[in-house]
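> Requesting a structural model of the entry that follows:
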Amino acid sequence: LLHFAAMEIQRIWRSTRCRRKVFSYRIAKVEEESIVVLQRATRRHIAIQKFSRAKSSAVILQSLVRKFFAREYLSFLHFAATEVQRIWRSARCRRKVFSYRIEEESAVTVQRMLRRYLARNSLFRYRTAAALKIQSSFRRHAQVKHFQLLLDSTVIVQSFFRSAAV
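Here you go, the predicted model:
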């Protein structure tokens, strides 16, 4: 009987010890899983922070590149506008010079016809004096016009160089 009692005590003790071991293994396993979960969360947080920094750096870099290309394009547009203005002013000046030449040729034609008429007229001397007066006035007028043209051209050239210098 004593032997059976000792075996029963041993069985109960082994069973209790086994249950304790299983319980401690379960606790260890839960702790290990908790550590893994914490590590996963920490790694995820660090990865999100790295991604966020990389994304903001990429956005800043894209912004700088876009700004550079926008400035380049603006510079190109400014140059193109300046070229168009230069060509337009040059063409306008050439048209003015051409119209002055036409006026001068017209005046010469009128003078030639007037001289022919006066040569045929009996009051040649009187009319010759008048023609000389007209020619003198026209030449004076033409010289004033020419001087004004030179003055206007000088102002245009100076404004072009001043605007190019800025």
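
> use CA for all of it now, contacts and neighbours both
OK.

> So the residue positioned nearest the centre of the chain versus Ile60, what's the distance?
Central residue of the chain (CA atoms, centre = their mean): Leu74, 2.5 Å from the mean position. For Leu74, the distance to Ile60 equals 21 Å [CA to CA, to the nearest Å].

> who does whichever helix or strand Ser137 is part of touch, helix- and strand-wise?
Using DSSP states H and E, Ser137 sits within helix 124-165. If contacts are counted by 3 or more CA pairs under 8 Å, 6 or more residues apart in numbering; DSSP states H and E, helix 124-165 sits against helix 2-120.

> returning to what we had before: let me know the angle separating the helix holding Ser137 from helix 2-120.
Angle, helix 124-165 to helix 2-120, by axes from the mean of the first three to the mean of the last three CA atoms, to 10 degrees: 170 degrees.

> can you tell me the average pLDDT over helix 124-165?
Helix 124-165 carries an average pLDDT of 87.

> And stretch 97-109, by the same measure?
Rounded mean pLDDT across stretch 97-109 is 81.
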